[in-house]
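K.L.:
Give the three-dimensional model of this entry:
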Amino acid sequence: MPLISIIMVTLNSMGFIKEALESISGQTDKNFELIIVDNGSSDGTVEFIKKKYSRLTLIENRENKGFCRANNQAISIAKGKYILTLNSDVILDENFIKEIKRLVIDSNDTVGMVGAKILKLDRRTVDSTGLSLSKYKRFYDRGMGEIDNGQFDEKSKIFGPCAAAALYKREMLDDIEFNGEYFDSDFFFLVEDFDIAWRARLCGWNAVFSPKSLCYHLRSSSDYDTKFKQYLSFRNRYFLIIKNEVIKSIVKDIPCLIAYDLPRLFYLLITNRHTLRALYEMVKFTPAMLKKRSFIMSNRRSR
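P.N.:
Model prediction:
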């Protein structure tokens, strides 16, 4: 069976890393490698990993390089045919790897991404069953907040998988790589999984949801306050659109974008001191995003 490379990024993860690693060790399918990239933890996370899990591969960054760059570090040395991104606050069902691997192997060659059934820690509330993108270009996790009553028990096509527990075919990642990057490090974190899914879809790859690949997510465990995440979400949404949306769709959706963005902008200007920084960086990074867009569109094979 093909090797899976599990990659995990940690940042002051001591409060939940033990359960996450125990769930990985307890998998019924043991054909995987585990690579952890630590982004400068100061709470004993690295010391715990070295003491309890010395056989995994550990990359230690002296400072926080962001979720995207850290994932790229791990992908660059991964040996697997498939890459499984896993948040450090996710607990896997014991058959998770077996089920997600089985589904991708049985799928057609255009499937490059598989999303898991992610529930909250209460094991009944949906956290994500895949990514969705609205006509307002608002991104959200399918089913979030719903009680799991079996409505997501069938395999289905999705826009892309939530990177908290997402399987990516290495062939697909190599196909969309740009300047040595798979995840766009300019995003730092947040919306990076939408970006990678959108780019992959434009290159002709598809994503499916695996209902039997169960895991449980704490969420809101990152070392950032709400205002900072709000700033990144606002800024990165702009990066997402300018990189990946086709011109005719942007023109068609201008009324929807204005209706959604203007009230949001005014609200953020009043409530979030990071908003001016976001606007500045949206202008500053536009040339880089346009360069990436040119590459994406030149390799586009489908809508």
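K.L.:
how about the strands in this structure?
P.N.:
Along the chain, counting by DSSP state E, strands occupy 4-10, 32-39, 57-61, 82-86, 90-92, 111-120, 126-128, 131-133, 139-141, 156-158, 165-169, 206-217.
K.L.:
Tabulate those (a markdown table), appending distance to Asn179.
P.N.:
All C-beta atoms are positioned from the backbone trio N, CA, C, and that covers glycine. Formatted as a markdown table, the strands of the chain follow (distance: least, C-beta to C-beta, whole Å):
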| stretch | distance to Asn179 |
| --- | --- |
| strand 4-10 | 20 |
| strand 32-39 | 19 |
| strand 57-61 | 20 |
| strand 82-86 | 19 |
| strand 90-92 | 29 |
| strand 111-120 | 20 |
| strand 126-128 | 29 |
| strand 131-133 | 24 |
| strand 139-141 | 24 |
| strand 156-158 | 28 |
| strand 165-169 | 18 |
| strand 206-217 | 24 |
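K.L.:
Those strands: which one's closest to Cys68?
P.N.:
Ranking the strands of the chain by proximity to Cys68 (C-beta to C-beta) places strand 4-10 first, at 9.2 Å.
K.L.:
Can you show me the CA trace of the closest one as PDB?
P.N.:
Backbone C-alpha positions of strand 4-10 (Å, rounded to 0.1, in the frame of the first residue of the first chain) are rendered in PDB as follows:
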ATOM      1  CA  ILE A   4       1.200   8.400   3.500                       C
ATOM      2  CA  SER A   5       3.300  11.300   4.900                       C
ATOM      3  CA  ILE A   6       1.400  12.900   7.800                       C
ATOM      4  CA  ILE A   7       2.600  16.500   8.400                       C
ATOM      5  CA  MET A   8       1.700  18.500  11.400                       C
ATOM      6  CA  VAL A   9       2.500  22.100  12.400                       C
ATOM      7  CA  THR A  10       2.800  22.900  16.100                       C
END
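K.L.:
quick one: low-confidence parts of the stretch 1-150 of the chain?
P.N.:
Within the stretch 1-150 of the chain, the ranges that satisfy pLDDT under 70 run 1.
K.L.:
how about a cut-off of 50?
P.N.:
Within the stretch 1-150 of the chain, no stretch falls below the threshold (pLDDT under 50).
K.L.:
The closest residue to Arg69 other than its chain neighbours: neighbour count?
P.N.:
Excluding its sequence neighbours, the residue lying closest to Arg69 (C-beta to C-beta, 6 or more residues apart in numbering) is Ser185, at 4.2 Å. By the criterion of other C-beta atoms under 10 Å, Ser185 has 19 neighbours.
K.L.:
Please apply the same query to Arg264.
P.N.:
15.
K.L.:
before we move on, what about the one 10 residues further on?
P.N.:
As a burial measure, the neighbour count of His274 was computed by other C-beta under 10 Å and equals 18.
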